[in-house]
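Trainee: Sequence and predicted structure are below.
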Amino acid sequence: MSVQREQLEADVLIVGAGPAGLACALHLANLIQKHNAGGKKPELSTENIYVLEKGREVGAHQLSGAIMNPKALAELAPDFEKTAPLDTPVTDSAALFFTEKSSFRFPITPPPFQNKGNYVVSLNKIVKWLGEKVEAAGVNVFKEFGGAQLIYERDGIGGVITEDKGVDKNGKPRDNYQPGYELRAKVTVLAEGTRGSLTKELVAKKKLDNINPQSYGIGIKELWDVQPGKIQPGYVAHTLGWPVPSSMYGGGWIYGFSNNRVSIGLVIALEYADTRFDPHAAFQTWKTHPFVKNILEDGKLVRYGAKSLPYGGWYAMPRNYFDGGLIVGDSGSFLDSQKLKGIHLAIKSGMLAAETIFEALKVGDASAKTLSSFQTKIEQSYIKKELWKVRNFHQGFAHGQLAGFFNTALQQITGGRGLVDPMRAHAGHEAYEKIDGKSAPPRFVGDGKLTFDRLTDVYHSGTRHEEDQPCHLHVVDLNVCATKCVEEYGNPCQYFCPAAVYEMVKDGAGQKLKINAANCVHCKTCDIADPYQIITWVVPEGGGGPSYEGM
Amino acid sequence: MKILVIAEQRQGKWNTTSFETLAAAQQIAKDTSSTVSALVIGKGLAGLAGELAAKSVAEVLLVEHDLLEAYTPDGYCVALSQVIAGAKPDLVLFPHTYQVRDFAPKLAAMLGKGMIGDCIGYRNEGGKLIFMRQMFQGKTAADVTFQGGAPWFASFQAGAFRADLVVAHPSGNAPVNSVKVELKAEQIRTKPLDLFKEAKSAVDLTQAPLIVAIGRGIKAPENIPQAEAVAKAMGAEIAASRPICDEGWLPMERQIGSSGQTVAPKLYLALGISGAIQHVVGMKGARTIVAINKDQNAPIFEIADYGVVGDIFEIMPALTEELQKTKQ
């Protein structure tokens, strides 16, 4: 289908209204306002900053624990303590070790789990608040529009094309068909979050990757309203041990919010051998531990969600600048893999990007050469300082938790260097072992009170998509799923997807893959963890996806 | 500047957005000291032309031809290009209707001109007309203007101007001038058939007192007639859970649940439906729920008033037979 697209030109186009993208927009708007107020030339306009957000509203696709280190927000919005929706300061941080029946609190909480000075927050609320500030500054935020295609220009990009709207299941235009806009910008900022679909394409095409491939985990979360007195606001706990096998890397969290609300979740590194491992079921099982069960008893599930997160750290950080653009936030690997904290680094990366862009706009040059000052700014900031200390942390866990703790201890006393530096990593899916004819264990069934099956949980994610649209999960060759994968790996997509999108159904004598794309919570796990790397996640029609109110 | 408004009629009835566009044209004329003419095209339209002439316009152009009786894009374009060549308007305005979307860009292209479609307003900047059109689903508006010489083409969105603000002719009636156009049958490549009647919405499940709903347990589309037989014997509507409509086995309008219809019938018979929460939210308001499922742990039984653990393929034919007996 050849289409004529409407074109719009901006100075700066930011793809994704998360903490990184919005921090970039807000900081840049502030710099521009100050610049114009000083009467300096060239005059710049905040209205020429565009932000795209694929969610129904700003914040709809934001999911994190979350404990936020406030230092970047303090730089971005110095009055944040008065105006930001910070839920409550951390009052007690515990590290717990779980066995099946009991739990043990580490007498001294190890440094990575200490959270004094940090806040327990809903990332959804923080981002919504940031979005309001950004719009008030005159920036154009386009909700329900995703970046679907890159416009390549020079040795980088010149903008993006938004997704076509009103296309039916078979790719034919419906009556409300509207081709995507061609948005051209002097600088395009990819702030798509974890495993950004445009970022992935660009990094591969322009060979921007670092020495290590990106490593990912999946975080599965539920928000509960519990009985009064079950948990103190500001109490945060991280759990190690049961039910995560010691060969795997992962752990749980329990964060107390105000008003008897609690955020619980489990993070699992997407690099495990057992292709039938089901992260959602592991999370549900974790909830049955007496310690967690006691907190949740007689409480009510409020919301559910899941999202992948980039673990790779410094050595997996792609080159974050190129002709006409920058990469920020999770898309650019700005996450501390040891503390699993990325919000403050995302905000900081967005701010440094804004400073880089501001200089580029003033001199009228957005080539890779000019934008490379982004890298210098990162290296001179606390981003490098924090990520450098833990540059080998996650790789140290490649051979299980025991080796991991040994490596961590060594790294602690050598400033992050450890035994080998840099420690190399493999893509997580390479860890899968073949099933060798072993039959699949029965699937997890929830009790409907404490534990839930995936469909029930997906219902609580508020996920909605236009049903009559092409499938946004592209599988290169469905034959591989129906033949090779059935035999070799037993179709791990049925297990790793936390939203029951992938399902093997009977097809005559054999099986075929059925994709329930409307369930998708945009976590990107399939794009990451498919053993043959043949699943590509692309943006569905804008406005589709979860509704992470309060998450 | 000469402004020409192309009013739209179908089978002798106005598309009333034509008058909104006429109001827009009158305002533009006032702002730019221009004149407005109006045009109506078709066959047997003297009455409609008279109605236009009662408005404040310089003249009404009446374009009639046997081949224009039914709308065709070719017929309209050939005829209108001749009229425009003769009347030499600077600005040609249309209401942004489905018909206009169909032929107006083609007409503009035939004359080598651009067109600004679906405008919501205009501005006069020192004699230069700027048109506003919405982008990003109305979240922002873009200013657009013409390059190159007249005539310029633009259409206005329904509701952008108020039809009741059309100014009547100050002294009674404007002249109605018939314009002859040359049109041959072979120039028209499309053959209009009968007009579609408004398709009757096939089913309104929300009004159905009895619903028979099928789920994955039905296994294959070949088995659906068995469930339809039950529905027919009961006088019920057939409906389904998402997977069935997702596969295209039943149309989407028959889908019950969070992404489909919400219903509250007197009786809801669930055949082979497991009862995922996404389905349940669409039917839990039913007065009586009867569920048949072979899995005794299926969550549907938690909300069912009557539950049968059994094979729907045994039960459906038996049920149909019994229901038919009661009718005899």
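Mentor: Cool, got the structure.
Trainee: And stretch A:57-66, how far out from the chain middle?
Mentor: For stretch A:57-66, the gap between its own C-alpha mean and the chain's C-alpha mean amounts to 10 Å (C-alpha atoms, centre = their mean, to the nearest Å).
Trainee: In terms of pLDDT, where does the residue sitting nearest the centre point of chain B sit?
Mentor: Centroid-nearest residue in chain B: B:Tyr98, 8.2 Å away (criterion: C-alpha atoms, centre = their mean). We note a pLDDT of 90 for B:Tyr98 in this prediction.
Trainee: what about the strands in the stretch 201-328 of chain B?
Mentor: For the stretch 201-328 of chain B, strands defined by DSSP state E, counting those that start in this stretch occupy the ranges B:210-214, B:237-240, B:267-271, B:288-293, B:306-309.
Trainee: what is the mean pLDDT for the second one?
Mentor: Regarding strand B:237-240, the rounded mean pLDDT is 96.
Trainee: Show me what that strand is packed up against.
Mentor: Identification of packing neighbours for strand B:237-240 by 3 or more C-beta pairs under 8 Å, 6 or more residues apart in numbering or on different chains; DSSP states H and E yields strand B:210-214, helix B:224-234. For glycine as for every other residue, the C-beta is placed from the backbone atoms N, C-alpha and C.
Trainee: Output those as CSV; include the columns mean neighbour count and mean pLDDT.
Mentor: Putting those into CSV (neighbours: other C-beta atoms under 10 Å in any protein chain shown; pLDDT from 0 to 100) gives the following:
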stretch, mean neighbour count, mean pLDDT
strand B:210-214, 26, 96
helix B:224-234, 18, 96
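Trainee: For A:Lys339, which three-state class applies?
Mentor: coil (DSSP: H, G, I helix; E, B strand; the rest coil).
Trainee: per-residue pLDDT, it?
Mentor: Here the pLDDT value assigned to A:Lys339 is 92.
Trainee: residue contacts, the residue of the stretch 101-250 of chain B found nearest chain A?
Mentor: Proximity of the stretch 101-250 of chain B to chain A (C-beta to the nearest C-beta) peaks at B:Phe136, 4.9 Å away. B:Phe136 sits next to A:Phe142, A:Phe145, A:Tyr181 when contact means C-beta atoms under 8 Å, 6 or more residues apart in numbering or on different chains.
Trainee: And A:Asp164, by the same measure?
Mentor: Counting by C-beta under 8 Å, 6+ apart, A:Asp164 touches A:Val3, A:Ala148, A:Tyr177, A:Gln178, A:Pro179, A:Gly180.
Trainee: try 7 Å this time
Mentor: With contact taken as C-beta atoms under 7 Å, 6 or more residues apart in numbering or on different chains, A:Asp164 is in contact with A:Pro179, A:Gly180.
Trainee: what residues does chain A put near chain B?
Mentor: With C-beta under 7 Å from any C-beta of the partner chain as the criterion, chain A meets chain B at residues A:Glu6, A:Leu8, A:Asn140, A:Phe142, A:Phe145, A:Tyr181, A:Leu455, A:Thr456, A:Tyr459, A:Arg464, A:Glu467, A:Ala518.
Trainee: Tally up the residues packed near the second one, please.
Mentor: Close neighbours of A:Leu8, defined as other C-beta atoms under 10 Å in any protein chain shown, add up to 20.
Trainee: burial count for the residue nearest to it when sequence neighbours are not counted?
Mentor: Of all residues not flanking A:Leu8 in the chain, A:Leu183 sits nearest, at 5.3 Å (C-beta to C-beta, 6 or more residues apart in numbering or on different chains). Using other C-beta under 10 Å, A:Leu183 has 26 neighbouring residues.
Trainee: A:Leu183: what secondary structure?
Mentor: Here A:Leu183 is strand, with the state taken from three-state DSSP.
Trainee: How about A:Lys41?
Mentor: Secondary structure assignment for A:Lys41 (three-state DSSP): coil.
Trainee: For it, give me the backbone phi and psi.
Mentor: The phi and psi values for A:Lys41, taken as degrees, to the nearest 10, are phi -110, psi 160.
Trainee: Quick check, B:Val176 in contact with B:Val60.
Mentor: Yes - B:Val176 lies in contact with B:Val60 (C-beta atoms under 7 Å); the separation is 4.5 Å.
Trainee: Comparing the two, which shows the higher neighbour count?
Mentor: B:Val60 (25 against 17).
Trainee: How about the contacts made by that one?
Mentor: B:Ala38, B:Ala49, B:Leu52, B:Ala53, B:Ala174, B:Val176, B:Asn177.
Trainee: And the closest residue to A:Gly241 other than its chain neighbours, what's its pLDDT?
Mentor: Using C-beta to C-beta, 6+ apart and skipping the chain neighbours, the partner closest in space to A:Gly241 is A:Phe98 (4.1 Å). Note on A:Phe98: pLDDT of 96.
Trainee: Then the one 5 residues further on?
Mentor: As summarised for this prediction, A:Ser103 has a pLDDT of 94.
Trainee: Count the neighbours of it for me.
Mentor: 17.
Trainee: Next: A:Val203.
Mentor: A:Val203, neighbours per other C-beta under 10 Å, totals 22.
Trainee: any idea how far it is from A:Leu190?
Mentor: According to C-beta to C-beta, to the nearest Å, A:Val203 and A:Leu190 sit 9 Å apart.
Trainee: can you check A:Ala237 too?
Mentor: Distance from A:Ala237 to A:Leu190, by C-beta to C-beta: 35 Å.
Trainee: more crowded one of these two?
Mentor: Neighbour comparison, A:Ala237 and A:Leu190: the larger count goes to A:Leu190, with 33 against 23 (by other C-beta under 10 Å).
Trainee: In contact with that one, which residues?
Mentor: A:Leu190 neighbours (C-beta under 7 Å, 6+ apart): A:Val15, A:Gly196, A:Leu198, A:Thr199, A:Gly325, A:Ile327, A:Ser331.
Trainee: Surely A:Leu326 and A:Asn320 touch.
Mentor: Yes - A:Leu326 is in contact with A:Asn320 according to C-beta under 7 Å; the separation is 5.9 Å.
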